[in-house]
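# any chance you could fold what I've pasted below:
(one chain, ligands or ions: 2)
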Amino acid sequence: MKIFNTASMRKEEFVPITPGKITMYVCGPTVYNFIHIGNARPMIVFDTFRRYMEHKGYEVNYVSNFTDVDDKIIKAAIEEGTTTTEISERYIRECLKDMEGMNIEPATYHPRATQEISGMIAMIGTLIDKGYAYEKNGTVYFSTRKDKNYGELSHKNLDDLRSGFRSLKVSGEDEKEDPLDFVLWKPKKEGEPYWESPWGQGRPGWHIECSVMAKRYLGDTIDIHAGGEDLIFPHHENEIAQSTCANGVPFAHYWMHNAFLNIDNKKMSKSLGNFFTVRDISRKYDLQVLRLFMLSAHYRSPLNFSDKLMESAKVSLERIRTAAEHLKDLAENGKGGEMTDAEKAVLDEAKGYIARFDEKMDDDNNTADALSVVFELVRFANSNVTEGATKALAQGVLDVLTELCDVLGIIALPKKESLDDEIESLIEKRQAARKARDFATADRIRDELRAQGIELLDTKEGVKWKRI
Ligand code: AMP
Ligand code: ZN
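Ligands and ions are numbered 1, 2, ... in the order given. Below you'll find the predicted structure:
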């Protein structure tokens, strides 16, 4: 298995610290709003990477945090006249719902920054004791000049950066000894959440959160650290500085970064009006379409979001599901008995697609090419497993297809909710009542469904329903 390591800027063979096990940390979202489709990209690509490693037999300890104390959360709380806890709890809940919709497995741990403050105070204390950090009037800074390896991840020319920063005096941070020094602890401001610390009441800087949560849940040295490419500098560079200086050992062996998602070839931004939350998209598409769309590009290539590409992902998903449904139908209703020799050869060939799929994924999580292998398998199944096939052959090929789809987090055979049948039967009763011009009964059924959170939509293709 090869992984492109941002630290070395090349593909490296993956060797875990402990054979058979992987420790992986993925920087999670700041929870001040619904997550947007840009945030969904690292969630989907690294969840797929994790599923693949599990498919290969690794036990993956996967940690992804929620940043629940931050200026944006404080701003949202002030605007709504509520507490930061109310804002962050609400959007963590909503984020978990979106993750479920995108079929992202829950992390082994989802730590929250506000519940890890004592660990942060301890690590900042260690950095001060070891001479890597200093305090000025209630603010603690990391001293970047003390860390001889600072800059090794982002490959930046630090002298250029320093002179660039010099002209930019950051308000409230002008007591820094060096323009590249960054905040580990900041004093409280009126109306902001705060914690007691040896440096007075205040709150942690953003970077220290991840160093502490990675240490607590995964250990001092971890296998893989991942996130979006915007985090390479300064966030990940600063995490490395904090962790290596505090713990005295290397921090992460492999650094993986996804490229950005753009919209109609422009950077997604609220002010340009081209900003979509995952929830917005879920009103128009099954979130499995979004997942398939994200996996159709290599994670290190920029990806452009457009209606056209989403429509094409929708067709692709349907193609997989139609093939899976057909195989399932044959597996249930096909011919009984043993497979013929010709069928055994077909099944062997179908199984061969697993190795081809793995080969693509082994090459730095190449989901785009792996997905192409799935479509080749769909074509192969459509032309080789047809009417007259045995149940055994259809089931065997279906197992191969669902195994590969599972790795990608694509649900080939969506379960029909049992509730659906109940709703469908009420809808039928309502249709019958309308036909009989019994509008009172029809309206009563509509109200009954609404009370259960189901809204009926009369469309050209018949009556549809959605949850409200
Ligand atoms: P944030 O909440 O801004 O800290 O972002 C959470 C994660 O989403 C980080 O890994 C970011 O790098 C990633 N991210 C944010 N915007 C985008 C985008 N447009 N495309 C891809 N990843 C993004
Ligand atoms: Zn982080």
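# buried set for stretch 450-468?
Neighbour counts over stretch 450-468 (16 or more other CB atoms under 10 Å) mark 454, 456 as buried. C-beta coordinates here come from the backbone N, C-alpha and C atoms, glycine included.
# other residues contacting it?
With CB atoms under 8 Å, 6 or more residues apart in numbering as the test, stretch 450-468 has contacts from 423, 427, 430-431, 446, 449.
# can you redo those residues as a markdown table with neighbour count?
Formatted as a markdown table, the contacts of stretch 450-468 follow (neighbours: other CB atoms under 10 Å):
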| residue | neighbour count |
| --- | --- |
| 423 | 15 |
| 427 | 19 |
| 430 | 21 |
| 431 | 15 |
| 446 | 18 |
| 449 | 19 |
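# quick one: residue 300 and residue 228 touch, right?
No. Look at residue 300 against residue 228 with CB atoms under 8 Å: they stay out of range, at 11.2 Å.
# which neighbours do the two have in common?
With CB under 8 Å, 6+ apart as the test, residue 300 and residue 228 both reach 257-258.
# which of these two has more neighbours?
residue 228 (19 against 16; other CB atoms under 10 Å).
# my guess is residue 259 meets residue 302, correct?
Yes. Using CB under 8 Å, residue 259 is in contact with residue 302, at 4.7 Å.
# how about the stretch 1-150 of the chain: which residue is closest to ligand 2?
Closest contact between the stretch 1-150 of the chain and ligand 2, by CB to the ion, is at residue 27 (3.3 Å).
# which ones are touching that residue?
By CB under 8 Å, 6+ apart, the contact list for residue 27 reads 42, 64-65, 210, 226-228, 231, 235-236.
# wait, which of the residues you listed is closest to residue 20?
Residue 20 lies nearest to residue 226 out of the contacts of residue 27, by CB to CB, at 20.1 Å.
# near ligand 2, which of the contacts of residue 27 show up?
Of the residues in these, proximity to ligand 2 by CB under 5 Å from the ion holds for residue 210.
# which of the contacts of residue 27 has the most neighbours?
Using other CB under 10 Å as the neighbour criterion, residue 210 leads those with 28 neighbours.
# number of nearby residues for the nearest residue to residue 264 once chain neighbours are set aside?
Leaving aside its sequence neighbours, residue 264 sits nearest to residue 306 (CB to CB, 6 or more residues apart in numbering; 5.7 Å). Neighbourhood size, residue 306 [other CB under 10 Å]: 13.
# give me the neighbour count for whatever residue of the stretch 301-450 of the chain ends up closest to ligand 2.
For the stretch 301-450 of the chain, the residue closest to ligand 2 is residue 365, as judged by CB to the ion, at 19.7 Å. Neighbour count of residue 365, defined by other CB under 10 Å: 25.
# that one reaches residue 48, doesn't it?
Yes. Residue 365 is in contact with residue 48 according to CB under 8 Å; the separation is 7.1 Å.
# avg pLDDT for the strand or helix carrying residue 207?
If you go by DSSP states H and E, residue 207 is part of helix 206-218. Across helix 206-218, pLDDT averages out at 98.
# pairing partners for the very next helix or strand once past it, with directions?
Moving toward the C-terminus from helix 206-218, the next helix or strand (DSSP H and E) is strand 222-228. Strand 222-228 has its sheet partners listed here by DSSP bridges as strand 21-26 (parallel), strand 252-258 (parallel).
# those strands into a markdown table, with extra columns for mean pLDDT and distance to ligand 1?
As requested, the strands paired with strand 222-228 are arranged in a markdown table below (pLDDT from 0 to 100; distance: least, CB to the nearest ligand atom, whole Å):
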| stretch | mean pLDDT | distance to ligand 1 |
| --- | --- | --- |
| strand 21-26 | 98 | 7 |
| strand 252-258 | 98 | 6 |
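# among the contacts of stretch 450-468, name the ones in helices.
Among those, the members found in helices (DSSP state H) are 423, 427, 430-431, 446, 449.
# closest one of these to residue 438?
Using CB to CB, residue 430 is the member of those that lies nearest residue 438, at 9.6 Å.
# state the distance from the closest one to residue 448.
Distance from residue 430 to residue 448, counting by CB to CB, to the nearest Å: 9 Å.
# before we move on, the earlier item: pLDDT wise, what is the residue of the stretch 301-450 of the chain closest to ligand 2 at?
Reported pLDDT for residue 365: 98.
# which residue comes closest to it once chain neighbours are left out?
Of all residues not flanking residue 365 in the chain, residue 49 sits nearest, at 4.9 Å (CB to CB, 6+ apart).
# element containing that neighbour?
If you go by DSSP H and E, residue 49 is part of helix 37-55.
# and the chain, which residues reach ligand 2?
Selection of the chain residues close to ligand 2 by CB under 5 Å from the ion yields 27, 210.
# coming back round to it: now the angle between strand 252-258 and the helix holding residue 207, please.
120 degrees (axes from the mean of the first three to the mean of the last three CA atoms, to 10 degrees).
# burial count for the residue nearest to residue 126 when sequence neighbours are not counted?
Using CB to CB, 6+ apart and skipping residues adjacent in sequence, the residue nearest residue 126 is residue 246, 4.7 Å away. Residue 246 has 24 neighbours, counted by other CB under 10 Å.
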